[in-house]
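Q: A predicted structure for the sequence below; I have some questions about it.
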There are 2 protein chains.
Amino acid sequence: MAGVTPPRRDVPAATVARLPVYLRALHDAATRGVATVSSEALAAASGVRPTQLRKDLSHLGSHGVRGVGYDVGGLTAELTAALGLTRTWPVAIVGMGNLGRALAAYSGFATEGFDVVALLDADPLLVGARVQGIAIAVMTELPRLVTELRVAIGVIATPPQAAQQVADALVAAGVEAVLNFAPTAITVPSHVSLRSVDLATELNVLAFLRLHGEPGTGVGRAG
Amino acid sequence: MAGVTPPRRDVPAATVARLPVYLRALHDAATRGVATVSSEALAAASGVRPTQLRKDLSHLGSHGVRGVGYDVGGLTAELTAALGLTRTWPVAIVGMGNLGRALAAYSGFATEGFDVVALLDADPLLVGARVQGIAIAVMTELPRLVTELRVAIGVIATPPQAAQQVADALVAAGVEAVLNFAPTAITVPSHVSLRSVDLATELNVLAFLRLHGEPGTGVGRAG
DNA sequence: GAATGTGAACTCCTTCACAGCA
DNA sequence: TGCTGTGAAGGAGTTCACATTC
């Protein structure tokens, strides 16, 4: 990766959330055989405005070519490095209900630097069953699995009642990043990164928009 | 619902995204038999600061009691009305892969004002199979189903390549709100509401935070 | 005394306008 | 000329400080 500008420290959170979207659009462009893209084209494919895109990339110290655009391969390498996708992040998913299984099979989790290496559930009836080629383990195995497989990110896909104790178990086992899909607020120590995704909330927001006649069109955020 | 203050028009989007979280915390409180909550207690249960909560509620013209707090039942009714959950919103899910099935079964979608009434898929092999008691229909049935079942919200859980054409079909059928889970940017006419949720993006953000040593702890947003 | 409601300050993000460069 | 990069302006959201009410 020689020649790739090291990412800066002060990238705004809102920008970070958009970088994966740009990266996907770049992959699409590369697949179509495009060698150079303008901020206008890349922004359109990403659902943002060109100025937004350029400002975002400027936080990475990115260098396009004025009058020409961005080199698809070069920018891909820069974003990949900035997002830390030049290494692989082992992921454990806790909770093998419908959502957990879907996440285990979700292609977006399997591509580009993330590797689902462990699946766990509290239900003894599920333990041992294989999902995506991985045997579901009991929760008591969590510390061992995290250590041996060097799990960096824990995903919570349990019912809300269990979410906090699963988060505690993940943190105790040494996981330093938690992604919570359970519809409840959880807390973790300050040295642990936490993101929560609430699927139902999005429906609520849409209902609100419809109710008040505000379309509010635009590409929603994921974060 | 007499006595419930009608919701105001100018509620900030960020506030709207938090209202469902407050509503859930209120339900928990009611379940525990609590009749009155302070902004401090409700904020703690929701993962936000008390001032944030009070400012959010002030946008609804809400009235707590100074020196006392909020009436759990009364505030629940206000939030329910503000979010448009006094009516039922029929939902159609397109794409019956792992994610679509998980969403169809997701309890958060079934509670409180949302009703999954139609499931569709382009794969003839899936058509007719039942998920959650609903038979999967072919895409050509979409216009009829939307009309007959008065579908208000369409959920896209297809591969990214199909997402835009599914969105177009939903819009053509008369759906005025779209929730996109496919990892790609899609566009809809300006009169249609659109939200996109990108599951993989959240993993990327966590990887970035870890990579740069910024825990960034806090309860993440769903929107 | 206790807790809400809110104007004002502050921080963060987006958009604009245009300078800079191939 | 064409398109990027960026300082400055503008807008949105959060936090603070405190007046207000029970």
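A: Sure thing, it's come through.
Q: Doesn't A:Glu78 lie inside a helix?
A: Yes: assessed by DSSP: H, G, I helix; E, B strand; the rest coil, A:Glu78 belongs to a helix.
Q: Tell me which stretches of chain A form helices.
A: Ranges of helices within chain A are A:13-31, A:39-46, A:50-58, A:72-82, A:98-105, A:107-110, A:142-149, A:160-173, A:199-211, based on DSSP state H.
Q: Domain-wise, how is chain A divided?
A: Listed by automatic domain parsing, the domain ranges of chain A are A:13-82, A:89-201.
Q: Dump these to CSV, plus distance to chain B.
A: All C-beta spots, glycine's among them, are computed from the backbone N, C-alpha and C. Compiled in CSV, the domains of chain A are given as follows (distance: least, CB to the nearest CB, whole Å):
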stretch, distance to chain B
domain A:13-82, 3
domain A:89-201, 3
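Q: For chain A, identify the residue most remote from the centre.
A: Distance from the centre of chain A peaks at A:Gly67, with 33.2 Å (CA atoms, centre = their mean).
Q: List the residues that contact A:His54.
A: Not His; residue A:54 is Arg. Counting by CB atoms under 8 Å, 6 or more residues apart in numbering or on different chains, A:Arg54 touches A:Ser39.
Q: what does chain A have sitting close to DNA strand D?
A: A:37-40, A:50-51, A:54-55, A:57-58, A:62-70 (CB under 7 Å from any atom of the strand).
Q: Would you mind checking which helix or strand in chain A has the lowest mean pLDDT?
A: helix A:107-110 (a mean of 70; mean pLDDT, DSSP states H and E).
Q: and it, C-alpha only, in PDB?
A: The C-alpha trace of helix A:107-110 is given here as PDB (Å, rounded to 0.1, in the frame of the first residue of the first chain):
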ATOM      1  CA  SER A 107     -23.200 -10.600   2.200                       C
ATOM      2  CA  GLY A 108     -22.300  -7.200   3.300                       C
ATOM      3  CA  PHE A 109     -20.900  -8.600   6.500                       C
ATOM      4  CA  ALA A 110     -18.800 -11.200   4.600                       C
END
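Q: from the chain's centre, how far out does that helix sit?
A: Helix A:107-110 has its C-alpha centroid displaced from the chain centroid by 9 Å (CA atoms, centre = their mean, to the nearest Å).
Q: Just list what it packs against, helices and strands only.
A: Under the contact criterion of 3 or more CB pairs under 8 Å, 6 or more residues apart in numbering or on different chains; DSSP states H and E, helix A:107-110 touches helix B:199-211.
Q: mind running it again at 10 Å?
A: strand A:89-94, helix A:98-105, strand A:114-120, helix B:98-105, helix B:199-211 (3 or more CB pairs under 10 Å, 6 or more residues apart in numbering or on different chains; DSSP states H and E).
Q: Quick check: pLDDT value at the residue lying closest to A:Pro189 once chain neighbours are set aside.
A: Once flanking residues are discounted, A:Pro189 sits nearest to A:Val171: 6.2 Å by CB to CB, 6 or more residues apart in numbering or on different chains. What the model reports as pLDDT for A:Val171 is 98.
Q: What is the neighbour count of the residue lying closest to A:Ala162 once chain neighbours are set aside?
A: If the residues on either side of it in the chain are set aside, A:Ala162 comes closest to A:Ala122, at 6.7 Å by CB to CB, 6+ apart. A:Ala122: 17 surrounding residues under other CB atoms under 10 Å in any protein chain shown.
Q: Run through the residues that contact A:Ala122.
A: A:94-96, A:138-140, A:158-159, A:162, A:165-166 (CB atoms under 10 Å, 6 or more residues apart in numbering or on different chains).
Q: Looking at these, spot the one nearest B:His191.
A: The nearest member of the contacts of A:Ala122 to B:His191, counting by CB to CB, is A:Pro159 at 37.4 Å.
Q: separation between that closest one and A:Arg130?
A: 22 Å (CB to CB, to the nearest Å).
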